[in-house]
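Need coordinates for the below:
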Amino acid sequence: MSLARHRLLPVLALLLALSGCSFITPYKVDILQGNVVTREQVAALKPGMAREQVRDILGSPLLASVFHADRWDYVFTLQRRGQEPVRRRVAVFFKDGVLVRHEADELPSEQEFVATLDARRGEGGKPPVLEATEEQLKTFAERNKPLNPPTPASAASAPATTNFPPLDSTGGAR
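Next comes the predicted model:
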């Protein structure tokens, strides 16, 4: 009977160790693909705009088909561990190189999009502020001052020319 216990003990220890491995999951990074297009960008689109103007607002399209030269597609996907993938699409249509219309899924504002990227913040939190106040800008400028700023008097006393060492060991240029 004791021999059976000695054989059973390592098997139980192995099973216990393996059952603990099911709680360990590898880290998976968030995967962002495509063009981020916000509500503000789509609101800036107006019929009659040239292709270059649309590209300036939305960026280069993710899909520009040879077979559909008058259509650009902007696709964005975000995949996070444990969440359903987010997918958004914007299609822009041209005629004779001019914007005619666009179709878009429900798009977030810029602040809403930035808030979705902040995984550390809990649900229901405020989106981050995207603009610095005047006081924050002053504080930043004070913290990043150069250590020895040039003064006008020292700049005037500096020599007008600089002597450089010779280019080779003979003392002359080749």
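
need the helix or strand of the chain with the lowest average pLDDT.
Taking mean pLDDT, DSSP states H and E as the measure, the helices and strands of the chain show their lowest mean at helix 152-157, namely a mean of 56.

got a list of what Ala91 touches?
Arg71, Trp72, Asp73, Tyr74, His102, Glu103, Ala104 (C-beta atoms under 8 Å, 6 or more residues apart in numbering). From N, CA and C alone the C-beta is placed, and that goes for glycine too.

Sorry, wrong one. I was asking about Glu103.
The neighbourhood of Glu103, defined by C-beta under 8 Å, 6+ apart, consists of Val90, Ala91, Phe93.

and Arg101, bridged to which residues?
Phe93 (DSSP bridges).

Just the closest of the contacts of Ala91 to Gly34, please.
Distance ranking of the contacts of Ala91 against Gly34, using C-beta to C-beta, places Tyr74 first at 7.1 Å.

doesn't Ala64 make contact with that closest one?
No - with contact defined as C-beta atoms under 8 Å, Tyr74 does not reach Ala64; the gap is 10.2 Å.

out of the two, which sits in the more crowded spot?
Under the neighbour definition other C-beta atoms under 10 Å, Tyr74 and Ala64 were set side by side, and Tyr74 has more, 23 against 11.

center of the protein - which residue?
Centroid check for the chain by C-alpha atoms, centre = their mean gives Leu32 as the closest residue, at 8.4 Å.

Return the distance of it relative to Ala115.
Distance, Leu32 to Ala115, by C-beta to C-beta, to the nearest Å: 15 Å.

cool, Leu130 as well?
From Leu130 over to Ala115 the distance is 10 Å, taken as C-beta to C-beta.

out of those two, which sits in the more crowded spot?
Taking Leu130 and Ala115 together and counting by other C-beta under 10 Å, Ala115 has the greater number of neighbours (15 against 8).
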